[in-house]
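[1] Structure for the following, please:
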Amino acid sequence: MRSLCFISLTSLLLLPCGCADRALGVSGSGADLGTDGTADETGFDETASTVSTGDGDGDPGDGDGGTTTTDTGDGDGDDDGDSGDGDGDDDGDTGDGDGDTGDGDTGDGDGDTGDGDGDTGDGDGDTGDGDGDTGDGDTGDGDGDGDDLLDLGDFSISATEISVDQYAQFLFDDVGFEGLPETCSWKIDYLPDSWNSQSNDDLDFPVVGVDWCDAWAYCEWSGAHLCGLVGGQPAALSDLNDAVNNEWYRACSADGAMTYPYADSYDPTACNGAELGVDELALVGSLDTCEGGAPGLFDMSGNAWEWTSACADSPDTDDNTEECRRRGGSYFSSDNILRCAVSSTRPRDFRSLNTSFRCCGNLP
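    The predicted model follows:
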């Protein structure tokens, strides 16, 4: 694994005043709180919510107030601990009837309505060759020193979740806001929650505490895009389990052939979910048993939730609070949440310490 020279990290503290203000600023919509707009005690989020079929039984575990999609209809949701969503997640929300215990976030409702990508454009669709260009400071020009992408035939995907090391290079490049989609016009910084702690720990942990716009901007800077549809267009919330066109689901499920990335049946020791007992993030790609649904692809199940491009298109909702889709579950998640077909939605400005992302790219 690469490790970032600490000179570069500490150089973040030496940015010009304007850059430092932007880097250290606080987004005004709850983006720095690590919850659905309400400060919680842990900053973790583990709920999944939209159910395609099912009984809405409220499985034990997360209950965070987001929405989770499951293919088998248990409606258990994720594990982040929000309140008031009724999704039955395992995150410990209050007020959702799932019996979970957790971080006490307030519910955001499922928000899983509409066609909605909420995005504009996917940038240049390059695959991120890591050429070391420093770029012009705009997002979407593909000049960044991005992550290596795994070739899956007609698209590519990050082999692991984006690491702290990789994200630090993005911050050091002082990327501007000019190329952001209109739905991210509220952004004033790209600095993740708990960045001082993250950047002073092992740099091969996945970066967490990022909102949807942070993830979008990083992927564009790296010459890729936030995973959506093959070809680079944003996915709609209705494109959840399209094994032909949905990049994230197709990669995780081996083109729809498997329930979990590593097999069709659950193995509690394979990935960093709740039953593994690690109870914290693992270094990206460090679990050989969590490889799949393609050779060289790691951590599609567990470790950290991953933002994807799909967002609701809600005309009566502020852009920063429109629901966007996360996938994969985290180290808090139980077996049913760790399936490739499960997802969770959170507001676009949502940040939590178990939410990360990876990127996808177009191939010639």
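[2] rest of the way, CA atoms for contacts and neighbours
    Noted.
[3] got a list of what residue 230 touches?
    154-155, 245-247, 362 (C-alpha atoms under 8 Å, 6 or more residues apart in numbering).
[4] Give me the pLDDT for residue 315.
    Note for residue 315: predicted pLDDT of 89.
[5] Phi, psi for it please.
    phi -60, psi -30 (degrees, to the nearest 10).
[6] circling back: now, the contacts of residue 230 that are in strands?
    Of the positions in the contacts of residue 230, 155, 362 sit in strands, assigned by DSSP state E.
[7] Buried among the contacts of residue 230? Make that a ChimeraX selection.
    Listed next is the ChimeraX selection for buried residues among the contacts of residue 230, using 16 or more other C-alpha atoms under 10 Å:
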select :155,245,246,247,362
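[8] nearest to residue 217, of the contacts of residue 230?
    The nearest member of the contacts of residue 230 to residue 217, counting by C-alpha to C-alpha, is residue 362 at 16.6 Å.
[9] Give me the neighbour count for residue 334.
    By other C-alpha atoms under 10 Å, the residues close to residue 334 number 28.
[10] surely it meets residue 271?
    No. Using C-alpha atoms under 8 Å, residue 334 is not in contact with residue 271, being 10.9 Å away.
[11] Tally up the residues packed near residue 235, please.
    28.
[12] if I look at it, how far off is residue 247?
    9 Å (C-alpha to C-alpha, to the nearest Å).
[13] Contacts for the longest strand along the chain, please.
    Ranked by residue count, the top strand of the chain under DSSP E comes out as strand 305-311. Strand 305-311 is contacted from outside by 46, 116-119, 161, 212, 215-216, 226-228, 234-237, 248, 322-330, 348, 354-358, using C-alpha under 8 Å, 6+ apart.
[14] For the nearest residue to residue 226 once chain neighbours are set aside, grab the count of nearby residues.
    Nearest residue to residue 226 in three dimensions, chain neighbours excluded: residue 359, at 4.9 Å (C-alpha to C-alpha, 6 or more residues apart in numbering). Using other C-alpha under 10 Å as the criterion, residue 359 is surrounded by 35 other residues.
[15] List the residues that contact residue 359.
    Neighbouring residues of residue 359 by C-alpha under 8 Å, 6+ apart: 149, 157-158, 162, 219, 224-227.
[16] Inside helices: which ones of those?
    Of the contacts of residue 359, the ones assigned to helices by DSSP state H are residue 219.
[17] Just the closest of the contacts of residue 359 to residue 192, please.
    Nearest member of the contacts of residue 359 to residue 192, counting by C-alpha to C-alpha, is residue 162, at 12.7 Å.
[18] which residues of the stretch 201-350 of the chain fall in helices?
    With DSSP state H, counting those that start in this stretch as the criterion, the stretch 201-350 of the chain has helices at 212-221, 247-252.
[19] can I get those helices in CSV with mean pLDDT and distance to residue 260?
    Formatted as CSV, these follow (pLDDT from 0 to 100; distance: least, C-alpha to C-alpha, whole Å):
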stretch, mean pLDDT, distance to residue 260
helix 212-221, 98, 24
helix 247-252, 98, 7
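[20] Mind putting these into a markdown table with distance to residue 241?
    Formatted as a markdown table, the helices of the stretch 201-350 of the chain follow (distance: least, C-alpha to C-alpha, whole Å):
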| stretch | distance to residue 241 |
| --- | --- |
| helix 212-221 | 20 |
| helix 247-252 | 6 |
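[21] Minimum distance to residue 303: which of the ones you listed has it?
    helix 247-252 (14.1 Å).
[22] Output the contacting helices and strands for that closest one.
    On a contact count with 3 or more C-alpha pairs under 8 Å, 6 or more residues apart in numbering; DSSP states H and E, helix 247-252 meets strand 155-158.
[23] Sheet-wise, list the partners of the strand it packs on with their directions.
    Applying DSSP bridges, strand 155-158 is found paired with strand 149-151 (antiparallel), strand 359-362 (antiparallel).
[24] Comparing these, which comes out most buried?
    Using mean count of other C-alpha atoms under 10 Å, the stretch among those with the largest mean neighbour count is strand 359-362, at a mean of 30.
[25] Which pLDDT value belongs to residue 98?
    At residue 98, pLDDT is 34.
[26] got it, and residue 148?
    Reported pLDDT for residue 148: 82.
[27] for the one 5 residues further on, same thing?
    Note on residue 153: pLDDT of 94.
[28] mind checking how far the closest residue to it other than its chain neighbours is from residue 311?
    The shortest distance from residue 153 to any non-neighbouring residue, by C-alpha to C-alpha, 6+ apart, is to residue 363 (7.7 Å). As for residue 363, its distance to residue 311 is 24 Å (criterion: C-alpha to C-alpha).
[29] Thank you, goodbye.
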